[in-house]
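S.K.: Next comes the sequence, and after it the predicted model I'd like to discuss.
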Amino acid sequence: MGSPDYSWNALWRVSAAGFRANLIPGFFLWLIGIGIVLTYYFINSSRPFFDWIIEAKKTHGYFYSFLSTGFFGGLIPFLFLWASGKIKREMMFSSGLFFVFYWAARGTEVDAFYRLQGFLFGNEPDLPTIATKVFIDQFVYCVFWAAPVTAVFYGWKDYGFSCSLFIQKTTKRSFLFEVARLLLSTWLVWIPATAIIYTLPSALQVPLFSLTLCFFVLLVSVFSKDEASGSGKQQ
């Protein structure tokens, strides 16, 4: 068996496959996100529901983000992947804990990041503010932090939660390849998705992120042949 191919051509092939797998899920996610934004701003009868979410987020803060993202981004996708046979029976418990607590922790982190963005750039839903936040989100935060962290933790999971095996099997080149694959194959979905998220008031951004993450993992799992195609969210 030859050594793995980490060339630019291989990166392009893998990223293009991820791009194609994410295209249809991305389209549905944009429609859902735009529908939520339009409902919030233009359908007055929906305001009590949104006000309830805003109040819950303001009251519980980071704890809300921890529970919300753990449930929507972790538990629901895990249950779907388990029910569809994409998670081995012997890995069910450890994988379940991983999905829930990993995405709960990332949701808390995303909440802190959104607050920082709001502090630095404000929360007005205008084009310059949204464009600035999307750029910092996708091309600074994701490139230098979120995607590398995801590559580490999902790599660890894929090697049976063995730190020693992950370190032994992972080279600098393979790690950078995986980070680049995550970014290139999911930017299609998450650049428009984050733009939609940043149009909402700050208290509704994490709830929409959680919902978007849930549908992203579920839909990509449906349109992909294996779980790896659905585990590339770098947020």
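M.R.: Done, it's in. Numbers count the residues shown, from 1 in each chain.

S.K.: Now do the strands in the chain.
M.R.: Taking DSSP state E to define them, one finds no strands in the chain.

S.K.: Report the separation between the closest residue to residue 78 other than its chain neighbours and residue 70.
M.R.: Computed as Cβ to Cβ, 6 or more residues apart in numbering, the closest residue to residue 78 that is not its neighbour in sequence is residue 99, at 3.9 Å. To be clear about C-beta, it is placed using only N, CA and C from the backbone, and glycine gets the same treatment. According to Cβ to Cβ, to the nearest Å, residue 99 stands 8 Å off from residue 70.

S.K.: same deal with residue 60?
M.R.: The spacing between residue 60 and residue 70, counted by Cβ to Cβ, is 13 Å.

S.K.: ok, now which ones touch residue 193?
M.R.: Residue 193 sits next to 26, 29, 30, 33, 212, 216 when contact means Cβ atoms under 8 Å, 6 or more residues apart in numbering.

S.K.: Would you mind checking which of those residues is nearest to residue 189?
M.R.: Relative to residue 189, the closest of the contacts of residue 193 is residue 26; by Cβ to Cβ it sits at 3.8 Å.

S.K.: Which residue lies closest in space to the closest one, excluding its sequence neighbours?
M.R.: According to Cβ to Cβ, 6+ apart, the nearest residue to residue 26 is residue 189 (3.8 Å).

S.K.: Just give me the neighbour total for the one you found.
M.R.: Residues near residue 189, counting by other Cβ atoms under 10 Å, number 25.

S.K.: Let me see the confidence value for it.
M.R.: Looking at residue 189, its pLDDT reads 85.

S.K.: residues contacting it?
M.R.: For residue 189, the contact set (Cβ under 8 Å, 6+ apart) comprises 22, 25, 26, 29, 216.
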